[in-house]
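[1] Have a look at this fold, sequence not included:
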């Protein structure tokens with residue numbers, strides 16, 4: 001179906017994804033509400049839409065747009081209507097009438113080609129005339145550019161971003177080197193740029209194309225957790241991607257190496273290739289960590305006596321291994337304490353805090369996520385901050401926002417002891433930033449579970465530090481008070497040791513519902529998360545966390561979230577919604593931040609309306625709930641109490657979190673965890689993944705699916721293979737010493 005007409009007004013426009021709702025005065029005399037992804041359009045525009053009439057259960061009949069075109073605005077009435085709409089900055093209805101009265105159908109040409117003539121009209125100065133012309137040209141240039149880019153399948157919202165970056169140079173960039181878009185425009189990757197380049201006639205063996213492919217592959221490798229690639233594998237993958245001779249790829253590798261855009265390094269006979277940023281992050285972290293590990297004259301026998309006295313005072317009796325962990329951490333400036341659930345890490349941390357307080361030391365507690373920091377605060381009785389908040393991300397000094405972190409080598413952290421919990425989920429970049437802010441002589445105690453999945457970001461920091469055998473490490477393996485240990489703790493240790501677990505055993509806190517049909521599993525999840533577990537545990541559905549290995553598929557994150565949102569927070573007449581690139585969000589939804597946003601402002605209130613603290617920075621993995629929604633914003637309260645307002649592009653960083661991936665659960669603890677485990681890729685469905693999922697539960701684990709799948713995961717020891725060099729670098733520095 002085709003509609004022709006004039007836009008009466010814009011009802012709604014999402015600036016991030018270009019989803020637009022508008023009212024159209026059709027040439028057939030009827031008014032239509034039209035919806036679709038469109039470039040910027042204004043009232044008064046003459047357009048042609050193609051699409052279909054659809055029925056929206058909430059908003060009624062709508063015309064869904066599949067394609068569009070602009071018709072020329074060339075008669076005086078249409079020109080007056082367009083200028084009166086406010087589409088051109090500085091021109092209102094009164095001024096529009098005076099312009100069209102004087103120049104008629106020639107108005108647009110005069111504004112564009114002879115703007116000085118506008119000054120002939122009373123009330124328009126020469127400066128104002130030039131400003132009107134520039135605003136008109138910008139509008140016309142944007143529309144022309146978006147139309148030009150649409151032939152390369154670039155959506156209007158992305159086309160607008162590209163135009164704002166390059167303006168009139170956009171045509172030169174597209175026709176000469178569209179690979180520039182990868183670095184300059186968020187949302188454009190190699191595949192998109194390569195398609196544009198092909199359609200623009202760029203040669204397959206272009207040096208721009210080969211270089212972009214190499215950097216793309218290295219960046220993709222970073223997103224999987226590795227910091228580098230074996231050169232032979234990189235060349236092979238690039239050849240497959242580009243379909244060009246490997247000699248041409250090696251030639252561009254050499255050129256990138258000379259320009260120091262990549263770093264090559266011989267590691268045990270293999271050439272490893274790093275991006276410049278990854279190489280220096282890892283090298284600097286290794287150097288800074290070893291520089292912190294200074295000799296400390298501590299009389300261990302006296303420390304043992306003091307620890308025993310603390311035990312006596314607090315009515316605690318430590319096992320020998322626990323006591324050795326405390327003494328080791330106190331006696332070394334850098335130390336690691338690692339162990340699974342139930343092995344006493346929290347008890348040890350609390351004893352260390354008590355000891356250091358007695359000595360008058362300043363103690364800083366930190367963790368990678370808001371949830372982990374909150375849990376650490378509750379367990380220790382001392383405030384813990386996320387690493388980002390500790391370092392001062394988003395700080396404002398003298399009225400100016402700080403670029404990067406407030407605390408760095410020039411403004412280090414003023415503390416005597418830093419205890420960093422959930423170390424397994426700390427990636428190389430944030431660890432390097434933390435180390436840069438620590439003064440040598442400060443004790444750094446790293447606490448974590450080396451059997452957990454590695455960090456979401458690149459690196460395997462905890463494992464590499466332990467593997468270097470260069471620092472004091474205490475490994476806790478014994479489960480204390482075994483007879484009292486929950487089935488969650490017992491089964492977690494059985495899993496990591498490779499032993500099958502009894503899924504038929506009737507436990508209060510660990511059970512399995514055997515299901516071989518995905519739809520039945522989803523129905524079970526909805527019942528457990530929405531009613532059964534909240535009733536049993538006396539909590540809300542938001543306290544229950546569904547965790548899945550995958551994003552895609554019927555039991556993947558995306559589908560589960562849609563089904564759970566529909567069941568747990570259905571639409572209602574009084575419940576407001578907002579459209580985002582990831583889908584529809586509504587008031588009451590459980591949501592997660594999907595990337596680090598250092599600029600997003602937040603405030604922390606005391607529950608009575610009094611603001612206790614303000615700052616900036618919401619980070620990847622932070623979970624909260626949408627408190628309310630206005631026409632263009634969503635207001636979210638996160639688990640640690642911070643509240644933030646999301647508008648525009650920031651809305652694209654939120655996604656539903658009724659279900660999350662197991663990887664994103666690291667560092668968090670939930671009242672109950674529901675795990676759908678039916679099938680999945682063997683590389684993904686491994687022992688570490690299952691262990692991590694189980695250890696996220698505080699009171700209950702519910703598995704729905706196949707016992708065979710669970711058993712196969714336990715037997716699958718294959719861990720995620722990451723190429724990193726931190727262990728090797730630390731050893732090299734120690735050898736040089």
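    Received the coordinates, thanks. Note that this is a predicted model, so its numbers are computed, not measured. Numbering: from 1, shown residues only.
[2] From here on, just use CA atoms for contacts and neighbour counts.
    Noted.
[3] ok so residue 305 is a helix residue?
    Yes - counting by DSSP: H, G, I helix; E, B strand; the rest coil, residue 305 is part of a helix.
[4] Give me the pLDDT for it.
    Residue-level confidence at residue 305 comes out at 88, pLDDT.
[5] List the buried residues for the helix or strand containing residue 375?
    When elements are defined using DSSP states H and E, residue 375 is found to belong to helix 370-380. The neighbour-count check on helix 370-380 (16 or more other C-alpha atoms under 10 Å) flags 370, 371, 372, 373, 374, 375, 376, 377, 380 as buried.
[6] Enumerate every residue touching the fifth one.
    What that stands for is residue 374. With contact set as C-alpha atoms under 8 Å, 6 or more residues apart in numbering, residue 374 has these partners: 384, 385, 640.
[7] for the closest residue to residue 102 other than its chain neighbours, what are its contacts?
    With sequence-adjacent residues excluded and distances taken as C-alpha to C-alpha, 6 or more residues apart in numbering, residue 102 is closest to residue 121, at 7.9 Å. Contacts here follow C-alpha under 8 Å, 6+ apart; on that basis residue 121 touches 98, 99, 102.
[8] Now, of these, which are buried?
    98, 99.
[9] before we move on, back to that, in strands, which of the contacts of residue 374 appear?
    Of the contacts of residue 374, the ones assigned to strands by DSSP state E are 384, 385.
[10] surely residue 216 meets residue 188?
    No - no contact is recorded between residue 216 and residue 188 when judged using C-alpha atoms under 8 Å, the distance being 11.1 Å.
[11] just for the stretch 151-300 of the chain, where's the confidence low?
    When the per-residue scores of the stretch 151-300 of the chain are filtered using pLDDT under 70, the ranges that remain are 156.
[12] can you list the contacts of residue 374 in a markdown table and add distance to residue 487?
    Output for those, formatted as a markdown table (distance: C-alpha to C-alpha, whole Å):
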| residue | distance to residue 487 |
| --- | --- |
| 384 | 29 |
| 385 | 31 |
| 640 | 29 |
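[13] what about residue 206, neighbour count?
    Taking other C-alpha atoms under 10 Å as the criterion, the count of residues near residue 206 is 13.
[14] oh, I was asking about residue 282
    Summarising burial for residue 282: neighbours were counted as other C-alpha under 10 Å, giving 23.
[15] buried stuff in the helix or strand that it is a member of?
    Using DSSP H and E, residue 282 maps to helix 276-292. If you call a residue buried by 16+ other C-alpha under 10 Å, then helix 276-292 has these buried ones: 278-279, 281-290, 292.
[16] Quick check, central residue of this protein?
    With distances taken as C-alpha atoms, centre = their mean, the residue of the chain nearest its centroid is residue 595 (2.2 Å).
[17] correct me, but it touches residue 622?
    No - counting by C-alpha under 8 Å, residue 595 does not reach residue 622; the two are 9.2 Å apart.
[18] Relative to the whole chain's centre, how far out is the longest helix anywhere in the chain?
    Among all segments of the chain classified by DSSP state H, the helix with the greatest residue count is helix 126-150. Between the mean C-alpha location of helix 126-150 and the chain-wide mean there is a distance of 35 Å, by C-alpha atoms, centre = their mean, to the nearest Å.
[19] what's the angle between whichever helix or strand comes after it and helix 126-150?
    Using DSSP H and E, the helix or strand that follows helix 126-150 towards the C-terminus is helix 156-166. Here helix 156-166 runs at 130 degrees with respect to helix 126-150, directions being taken by axes from the mean of the first three to the mean of the last three C-alpha atoms, to 10 degrees.
[20] Show me which positions of helix 156-166 end up buried.
    Taking 16+ other C-alpha under 10 Å as the basis for neighbour counts, the residues of helix 156-166 that come out buried are 156, 157, 158, 159, 160, 161, 162, 163.
[21] Could you do stretch 37-54 as well?
    By 16+ other C-alpha under 10 Å, the buried positions in stretch 37-54 come out as 37-49, 51.
[22] still on that earlier bit, what's in contact with the helix holding residue 282?
    By C-alpha under 8 Å, 6+ apart, the residues outside helix 276-292 that reach it are 227-228, 260-263, 333-334, 428-429, 431-432, 435-436, 439-443, 725-726, 729-730, 733-734.
[23] where along the stretch 51-200 of the chain do the helices fall?
    Residue ranges of the helices in the stretch 51-200 of the chain, as given by DSSP state H, counting those that start in this stretch, are 76-84, 93-103, 107-113, 126-150, 156-166, 170-176, 180-184, 190-199.
[24] Averaged pLDDT, the third one. What do you get?
    Think helix 107-113. For helix 107-113, the mean pLDDT works out to 85.
[25] thinking again about what came up before, contacts only, for the residue lying closest to the residue nearest to the centre of the chain once chain neighbours are set aside.
    If the residues on either side of it in the chain are set aside, residue 595 comes closest to residue 620, at 4.2 Å by C-alpha to C-alpha, 6+ apart. By C-alpha under 8 Å, 6+ apart, the contact set of residue 620 is 592, 593, 594, 595, 596, 597.
[26] Over to residue 705?
    512, 513, 514, 515, 516, 517, 521, 676, 677, 678.
[27] I'd like those as CSV, with pLDDT appended.
    As requested, the contacts of residue 705 are arranged in CSV below (pLDDT from 0 to 100):
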residue, pLDDT
512, 92
513, 93
514, 93
515, 92
516, 91
517, 93
521, 95
676, 96
677, 94
678, 92
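[28] which of these has the most neighbours?
    Counting neighbours by other C-alpha under 10 Å, residue 677 leads the contacts of residue 705 with 26 neighbours.
[29] quick one: it and residue 708 touch, right?
    No - the pair residue 677 and residue 708 does not pass the contact test of C-alpha under 8 Å, sitting 9.6 Å apart.
[30] what's near enough to touch residue 677?
    Taking C-alpha under 8 Å, 6+ apart as the contact definition, residue 677 lies against 548, 703, 704, 705, 706, 709, 710.
[31] So for residue 161, what's the nearest residue that isn't a sequence neighbour?
    If the residues on either side of it in the chain are set aside, residue 161 comes closest to residue 185, at 7.4 Å by C-alpha to C-alpha, 6+ apart.
[32] Next, count neighbours for the nearest residue to residue 577 once chain neighbours are set aside.
    Spatial nearest neighbour of residue 577, chain neighbours left out: residue 586 (4.1 Å); criterion: C-alpha to C-alpha, 6+ apart. Residue 586: 23 surrounding residues under other C-alpha under 10 Å.
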